[in-house]
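Enquirer: quick check, what structure comes out for this input:
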Amino acid sequence: MRDRLLYELARDLSSSLELDVVLRKTMDRVIALMRAVRGFIVLVDPVTGTLSVQMSSGESDPEQARHFLGSRTVIEQVVATGGAIVSTDASLDDRFKGQQSVIVQNLRSILAVPLVTKGKVIGAVYVDNPSRAAMFEEKDMSFLQAIADLAAIAIDNARQYQHSEFLRALFERYVNKQVTDYVLARSDRDTIFLPGERRLVTILNSDIADFSRLFESMRAEELVAFLNDYLKRMIEVVLAHGGNIDKFQGDGMLVVFGAPNPMSDHAEQALNAAQAMVKEIDRFNRELAAAGRPGISVGIGLDTGEVVAGHVGSERRLEFTLIGMPVNNATRLSKVRPPKILMSEATRNHLPSGVVLTMGIPLLLKGAKQPLAIYELEASVPAES
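Expert: Prediction:
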């Protein structure tokens, strides 16, 4: 009978990697199977080593449910020794009868077992019945320990998953999600450098005009706060259009559409992102004006062509980056003054019909043998009212 119950519990616990779900399923099964009035799952913090209640049952008061209300001596001893404890009547038990928690709560039946995984105690499962003695026997201790052994594995797996998701989310703050997914999907223990891949992409580069004026007029903390506010808006626009932020260069931002994930409409999405950026900059400037602060002008350059995308660096420091003329050309176009949305003929040729552009003065870009045709978006994006 108990073997079947343990099998069902193992199956139930393996169905989720969410820590709270695992703890709740464990607690519910423990209370039902052990016929306990009250129960707690206490875990050891892996960093500080402190004990805290992670799940409880039998306490109707939410505030009390967050605190361990059983015998602290019992739980501390179980965690410290890794051994289980059963007491048929704690008030008469020489080991605990002098303890304050036992006296105050008039604790009677107590059963606690360690949560052990990979040879390490990560917490304990505790149940008690404050009003009835002799509720638990030695065979109950063995059964609860079997439950705890299954739960410890599930808790450890959930914690590992929780930690890996935290690291993934943290990583994505530094590296675009596209790159995160790309690298993780292609990496293993034997892979350090991912091979380069050629991609047809559109590069977008943005650059704040006269940034040196801002640099000189603001205190360091003001400048960083200003840039974070501005870049946060630009990042949201770029990500909404499928762009991958390759890097920040001071106030500038280099974005690729079409790598690492290929895009058939990379030029169109890049232009849409540029237009949306101009609209967001207009909104940002109106907020600055309302605060009595000067606005900004931003140049945006677009170029389309083939780049090589891949890892550069060494075993100690790697960076996913883009190599190719479109990177240089987009950067150069973003620095043309007065600032505008400028694009190369290659980008124009990849846009759908109907986009209204004005041909600008041809520019001799770095690495080119002759001036290249440059196009400007004919009308500025209208400001929102």
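Enquirer: now Phe248: which helix or strand?
Expert: Using DSSP states H and E, Phe248 sits in strand 244-249.
Enquirer: and that strand, which residues are buried?
Expert: By neighbour count on 16 or more other C-beta atoms under 10 Å, the buried set for strand 244-249 is Asn244, Ile245, Asp246. Where C-beta positions appear, they are placed from N, C-alpha and C, glycine not excepted.
Enquirer: for the chain, just list every one of the strands.
Expert: 38-44, 51-57, 85-87, 109-117, 120-129, 197-208, 244-249, 252-257, 298-313, 318-323, 341-344, 357-359, 374-377 (DSSP state E).
Enquirer: what residues sit buried inside the second one?
Expert: Using 16+ other C-beta under 10 Å as the test for burial, strand 51-57 gives Leu51, Val53, Gln54, Met55, Ser56, Ser57.
Enquirer: ok, those residues vs Leu214, which is closest?
Expert: Of all these, Gln54 has the smallest distance to Leu214: 48.1 Å, by C-beta to C-beta.
Enquirer: from Ala10, how far off is the nearest residue to that closest one once chain neighbours are set aside?
Expert: Leaving aside its sequence neighbours, Gln54 sits nearest to Leu43 (C-beta to C-beta, 6 or more residues apart in numbering; 4.8 Å). Look at Leu43 and Ala10: by C-beta to C-beta, to the nearest Å, they are 20 Å apart.
Enquirer: and the two? Which one has more around it.
Expert: For Leu43 versus Ala10, the count of surrounding residues by other C-beta atoms under 10 Å is larger for Leu43: 20 against 16.
Enquirer: in the protein, which spans are helices?
Expert: Secondary structure of the chain (DSSP state H): helices at 2-13, 19-34, 62-65, 72-81, 100-105, 138-174, 177-186, 211-217, 220-240, 266-290, 325-334, 345-349.
Enquirer: low-scoring stretches of this structure, by residue?
Expert: The chain contains residues with pLDDT under 70 at 1-2, 59-70, 89-107, 131, 134, 167-177, 179-180, 182-194, 313-319, 378-385.
Enquirer: give me the neighbour count for the closest residue to Asp156 other than its chain neighbours.
Expert: On the basis of C-beta to C-beta, 6+ apart, the spatially nearest residue to Asp156 that is not a chain neighbour turns out to be Thr117, at 4.4 Å. Thr117: 18 surrounding residues under other C-beta under 10 Å.
Enquirer: domain map for the chain?
Expert: 2-174, 177-377 (automatic domain parsing).
Enquirer: centre of the chain versus the shortest one, how much separation?
Expert: The chain centroid and the centroid of domain 2-174 are separated by 29 Å under C-alpha atoms, centre = their mean, to the nearest Å.
Enquirer: who are the contact partners of Ala151?
Expert: Contact analysis of Ala151 by C-beta atoms under 8 Å, 6 or more residues apart in numbering lists Leu9, Leu13, Val22, Thr26, Ile41, Leu115, Val125.
Enquirer: please redo it, this time with the cut-off set to 6 Å
Expert: By C-beta atoms under 6 Å, 6 or more residues apart in numbering, Ala151 lies in contact with Thr26.
Enquirer: any idea how far it lies from Ser15?
Expert: 13 Å.
Enquirer: just Ser353 next, same as before
Expert: 53 Å.
Enquirer: check Pro339 too.
Expert: Taking C-beta to C-beta, one finds Pro339 at 55 Å from Ser15.
Enquirer: and what of Glu287?
Expert: 48 Å.
Enquirer: now Arg4
Expert: Distance, Arg4 to Ser15, by C-beta to C-beta: 17 Å.
Enquirer: do Ala291 as well
Expert: As judged by C-beta to C-beta, Ala291 and Ser15 stand 52 Å apart.
Enquirer: neighbour-wise, which of the two wins?
Expert: Ser15 (10 against 7).
Enquirer: any idea how far Val21 is from the more buried one?
Expert: Computed as C-beta to C-beta, the Ser15 to Val21 distance reads 8 Å.
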